[in-house]
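J.: Give the three-dimensional model of this entry:
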Amino acid sequence: MSKLTTAFKGGIAALVLAGVASVPAQAVPKVDPEQAAMIRALETKGYATESALAAKTLLVSAADLGERIVAVGQFGHVVLSDDDGATWRQAESVPTQALLTSVYFVNDQVGYAVGHDAVIIKTEDGGENWLLKYSDPEAQMPLFSVKFSDEDTGVAVGAFSTALSTTDGGETWNLASVIPDPPPPLEGLEYEPHLNALFGGPDGLMFIAAETGFVFRSADDGASWEPIKTPYFGSFWGGMTLDDGNILIFGMRGNVWRSEDQGTTWTQVQTGTKKSFGGGIQMDDGTIILAGLNGGVAYSTDGGKTFDVVDRPDRKGYSAIVEGPDGTVLLFGEPGVVSHPDTAAAFNSAS
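T.: Below you'll find the model as predicted:
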């Protein structure tokens, strides 16, 4: 099973200017009519374009498959590394130019990515090639997260409590309901909060980190959800279940909350920072690392009870983390992928 990092889904705008230089007619090589038709078809479908800077521009989510790391981001970019992040290359074929916000792999071959325009794409060859499985640009409902409980059953969630589900391995997707009908009288639920990040819980539970202080919990692989109101009223951008079965959620203004009873009650962790966190990972040695906006990176060595926060000098925003070569993690965000020390002591000694 892959190690899936979580990601924040704040508003991101990108402007691309393209120009076409005219050349003498005789300088243009002849193109076979069948090949030209294929190129036009690809352009019409909006395939991600090749870019030498794909791993150095916005990457929002990443999955560690063991032998391979797959990351996704703006312009439909999907980048792959087979050498622990030393080098990166783009996927062969990605049928979208939408901002991709989340990637999840069921195994080392089958994976899904979602994003703006309600795009859902699927790969069956470890991220090399992708197929479009769902898209609804007119709905203007971006998807922020996707997770599968087995090869057939999966959920994708996004803005304004949008949820889609599949029971046939992503071949068909149907609108699903996260908020019960009728909804319980909980403050903030009436706003249809954004559903920011799906993550697995203990004993087969599934969770959604959401807006207005809500966490949603499912005990039936996402078929139904229970809204849980935390004492916080802001946005949670991510969450994780720790090796000991306890749960962390994190989000805006340095908020980190911890649960020891499968998400029923939550206790705030004092981080000493107002920097927002969106991505998190627990290392093999138990160290927890969170990353977020303005270069903020937080470390915990006591199961998420306390954190040491450091500030990267680049002050960039980061939204996902995977383990890197010895002594490092890989952070994904505004500048693409960067290497970062896996302990606060190592970071401080190098600063």
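
J.: got the contact list for the helix or strand where Ala209 lies?
T.: Element membership for Ala209 (DSSP states H and E) is strand 206-210. Residues outside strand 206-210 that contact it (Cβ atoms under 8 Å, 6 or more residues apart in numbering): 6, 145, 147, 149, 155, 157, 178, 193-201, 215-218, 221-222, 225, 235-239, 247, 249-251, 263. Glycine gets a C-beta too; all of them are placed from N, C-alpha and C.

J.: who does that strand pair up with?
T.: Strand 206-210 has the following strand partners under DSSP bridges: strand 195-200 (antiparallel), strand 214-218 (antiparallel).

J.: can you put those strands in JSON lines and add distance to Gly278, mean neighbour count and mean pLDDT?
T.: Output for the strands paired with strand 206-210, formatted as JSON lines (distance: least, Cβ to Cβ, whole Å; neighbours: other Cβ atoms under 10 Å; pLDDT from 0 to 100):
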{"stretch": "strand 195-200", "distance to Gly278": "8", "mean neighbour count": "26", "mean pLDDT": "98"}
{"stretch": "strand 214-218", "distance to Gly278": "16", "mean neighbour count": "23", "mean pLDDT": "98"}
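
J.: Just send the ones you listed back as TSV, with distance to Tyr47 too.
T.: Formatted as TSV, the strands paired with strand 206-210 follow (distance: least, Cβ to Cβ, whole Å):
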stretch	distance to Tyr47
strand 195-200	27
strand 214-218	34
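
J.: Indicate which one of those is closest to Val297.
T.: Closest approach to Val297 among the strands paired with strand 206-210 is made by strand 195-200 (18.3 Å; Cβ to Cβ).

J.: CA atoms only: put that closest one into CSV for me.
T.: Taking Å, rounded to 0.1, in the frame of the first residue of the first chain, the C-alpha atoms of strand 195-200 are listed here in CSV:
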residue,chain,number,x,y,z
LEU,A,195,-14.1,18.8,2.0
ASN,A,196,-10.4,19.2,1.8
ALA,A,197,-8.7,15.9,2.5
LEU,A,198,-9.6,12.2,2.8
PHE,A,199,-7.4,9.9,5.0
GLY,A,200,-7.6,6.5,6.5
